[in-house]
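Engineer: Can you look at this prediction? I've put the sequence above it.
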Amino acid sequence: DAKTTQPPSMDCAEGRAANLPCNHSTISGNEYVYWYRQIHSQGPQYIIHGLKNNETNEMASLIITEDRKSSTLILPHATLRDTAVYYCIVSVANNLFFGTGTRLTVIP
Amino acid sequence: NAGVTQTPKFRILKIGQSMTLQCTQDMNHNYMYWYRQDPGMGLKLIYYSVGAGITDKGEVPNGYNVSRSTTEDFPLRLELAAPSQTSVYFCASSYSLAGGARTGELFFGEGSRLTVL
């Protein structure tokens, strides 16, 4: 049922930018791309979402390709506290399908 | 402002027992959700509610029941606990419909860890 594909794990050096890719080749025109993260076993935390345009907030930037078939979440200066599982989600009415995500490890 | 509060945080049940997981939010959100997360997996939607008195099934509703008598509360009931229901349960709420354009951001509780033996 997953509508997105993410690498299972990534490492990033502390202070560097973390670029997390996501493929969503079957996305429909009115579906949004959401990113959440889950630190340890806590409840997931919202990061950012977008439809077509690139988005930026205090946590991250979201780059969506022109054909909308893929996107990249960018954490500009990764810290140890950014170590978490990151979920890329394409929205479906009344539901957000959480796949298995990417486990990002920030290395000192 | 506590956000989304779940109780209990941990519970061990015997097969066939029943229990209710409590969820309350103080953000006056109309939309509330119950998810379960099995080890190493993503979250799956059990039930959701778009307002008091209105509930609907998600992906994995079998073995569960919900009710929504107030805006604040959205309890999840397990009637006959089975080992397959061993999981972490997350309650969430949102201002607008999850996945929608206008701040469909979900606010999650800290989870309830249930073990059925």
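Structural biologist: Thanks, I have it.

Engineer: I'd like to know the average pLDDT value across stretch A:60-77.
Structural biologist: Averaged across stretch A:60-77, pLDDT comes to 96.

Engineer: Buried by neighbour count: which residues of that stretch qualify?
Structural biologist: A:Ala60, A:Ser61, A:Leu62, A:Ile63, A:Ile64, A:Arg68, A:Ser70, A:Ser71, A:Thr72, A:Leu73, A:Ile74, A:Leu75 (16 or more other CB atoms under 10 Å in any protein chain shown). In short, each C-beta sits where N, CA and C put it, glycine included.

Engineer: So which of the residues you listed are in helices?
Structural biologist: Nothing among those maps onto helices, per DSSP state H.

Engineer: Just put those residues in CSV and tack on distance to chain B.
Structural biologist: Converted to CSV, those look like this (distance: CB to the nearest CB, whole Å):
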residue, distance to chain B
A:Ala60, 14
A:Ser61, 17
A:Leu62, 14
A:Ile63, 19
A:Ile64, 14
A:Arg68, 15
A:Ser70, 19
A:Ser71, 15
A:Thr72, 20
A:Leu73, 15
A:Ile74, 19
A:Leu75, 18
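
Engineer: Mind putting those residues into a markdown table with distance to B:Gly63?
Structural biologist: Shown next, in a markdown table, are the buried residues of stretch A:60-77 (distance: CB to CB, whole Å):
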| residue | distance to B:Gly63 |
| --- | --- |
| A:Ala60 | 37 |
| A:Ser61 | 41 |
| A:Leu62 | 37 |
| A:Ile63 | 41 |
| A:Ile64 | 38 |
| A:Arg68 | 37 |
| A:Ser70 | 37 |
| A:Ser71 | 35 |
| A:Thr72 | 38 |
| A:Leu73 | 35 |
| A:Ile74 | 40 |
| A:Leu75 | 38 |
